[in-house]
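Peer 1: The following block contains a protein sequence and its predicted model.
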Amino acid sequence: MITTATVGRADRLTALLAADTRFASGAGVEPQLIQLSATAVADAADAVQSALDGSSALLMDPALLTEPVVANGLRARRAPVLLALTGRHERAVQSSLAAVATGRLGLPWNVQADLVLATGAPVGLIGAAVDPLDVVLRTVRLPVTEVVARCHSVPGNAATGEAGHATVQCRHHNGVTSTVVVGVVPEPGNEATDVVRHRYRVSGSHGELVIDATKPALAVRTARGSARRWGAPLAGQLLLDGVVAQLAGGPTLTPPEAVTALADLVEAIQESVASGQPVTVATGR
């Protein structure tokens with residue numbers, strides 16, 4: 001049994017944690033796993049700082065890498081950090097990673113990623129880009145040296161969130177390039193976040209691979225709108241399986257150097273958005 005606590009408002013991963021018999025809410029005991037949701041800093045800044053300074057393992061929403069207090073705390077942290085990166089756990093993405101790793105495309109030279117979300121909850125565009133950026137990094141397996149980012153957003157409110165899109169262009173070692181485009185479509189009344197589009201195009205020296213991570217799925221349309229239902233295990237559930245395995249001494253989901261690399265990349269993206277200029281990634285990762 002893994003004792004847990006959640007900082008921030010509940011989300012889909014919180015619901016999966018609550019339904020999983022391997023996890024239980026802490027009751028007066030030191031939790032082994034603390035989940036930091038995307039609203040953690042806004043909801044309970046002191047609790048977030050305490051969690052960063054503590055020794056319990058953290059399961060953290062990757063969007064929190066956009067918060068300086070979190071990014072700086074992670075760089076100095078020694079206890080385990082598990083980023084809730086569900087994109088890499090999608091079945092189609094896992095298959096594509098295996099295809100590239102076995103050399104079926106030859107040497108990859110470019111990756112394009114598109115992610116469109118429909119939500120009524122506040123979603124930061126740069127924070128939403130972390131998940132597909134992680135998939136890109138795992139695909140090409142080369143660090144980013146320079147990034148150019150643009151963010152075209154329409155500020156919303158607590159009910160509608162932020163609309164618009166962000167474009168992140170990365171230059172990796174060996175001349176490899178990648179582009180990630182993230183869009184958010186406001187859907188008032190929808191507290192969850194539905195994936196409208198999630199796809200990747202990997203170009204290699206010997207071929208091209210196009211992945212649609214929203215398939216296979218059953219499309220369900222009702223008076224309230226449309227939704228997808230999956231027959232395969234949810235990516236979030238596969239993520240939790242990995243969390244259990246790591247806490248039991250198994251493979252590390254997000255090694256410390258990978259967490260630092262993503263934090264450095266997000267910081268460079270934010271600098272590029274603010275300045276409108278290319279930014280060198282500090283660590284070259």
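Peer 2: Arrived safely, thanks for sending.

Peer 1: Relative to the whole chain's centre, how far out is stretch 252-265?
Peer 2: 12 Å (C-alpha atoms, centre = their mean, to the nearest Å).

Peer 1: Pull the CA coordinates from that stretch and hand them back as CSV.
Peer 2: Below are the C-alpha coordinates for stretch 252-265, written out as CSV (Å, rounded to 0.1, in the frame of the first residue of the first chain):
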residue,chain,number,x,y,z
THR,A,252,13.0,5.2,-12.9
LEU,A,253,10.2,6.9,-14.9
THR,A,254,11.9,10.3,-15.0
PRO,A,255,15.6,10.3,-14.0
PRO,A,256,16.8,13.4,-12.2
GLU,A,257,18.8,14.6,-15.3
ALA,A,258,15.6,14.3,-17.4
VAL,A,259,13.6,16.4,-15.0
THR,A,260,16.4,19.0,-14.9
ALA,A,261,16.6,19.0,-18.7
LEU,A,262,12.8,19.6,-19.1
ALA,A,263,13.0,22.4,-16.5
ASP,A,264,15.8,24.1,-18.4
LEU,A,265,14.0,23.7,-21.7
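
Peer 1: Over the helix or strand that Val136 is a member of, what's the mean pLDDT, rounded is fine.
Peer 2: For Val136, the host element (DSSP states H and E) is helix 125-140. Regarding helix 125-140, the rounded mean pLDDT is 95.

Peer 1: Please apply the same query to stretch 144-156.
Peer 2: Taken as a whole, stretch 144-156 has a mean pLDDT of 86.

Peer 1: Name the surrounding residues that touch the longest helix along the chain.
Peer 2: For the chain, the longest helix by residue count, based on DSSP state H, is helix 256-275. By C-beta atoms under 8 Å, 6 or more residues apart in numbering, the list of residues contacting helix 256-275 from outside reads 62, 65-66, 71, 74-75, 81, 83, 126, 129-130, 133-134, 137, 143-144, 147-151, 166, 168, 170, 278-283, 285. In this view, the C-beta of every residue, glycine as well, is placed from N, C-alpha and C.

Peer 1: Now list the buried members of the residues you listed.
Peer 2: The neighbour count (16 or more other C-beta atoms under 10 Å) marks 62, 65-66, 71, 74, 81, 83, 126, 129-130, 133-134, 137, 143-144, 147-149, 151, 166, 168, 170, 279, 281, 285 as buried among the contacts of helix 256-275.
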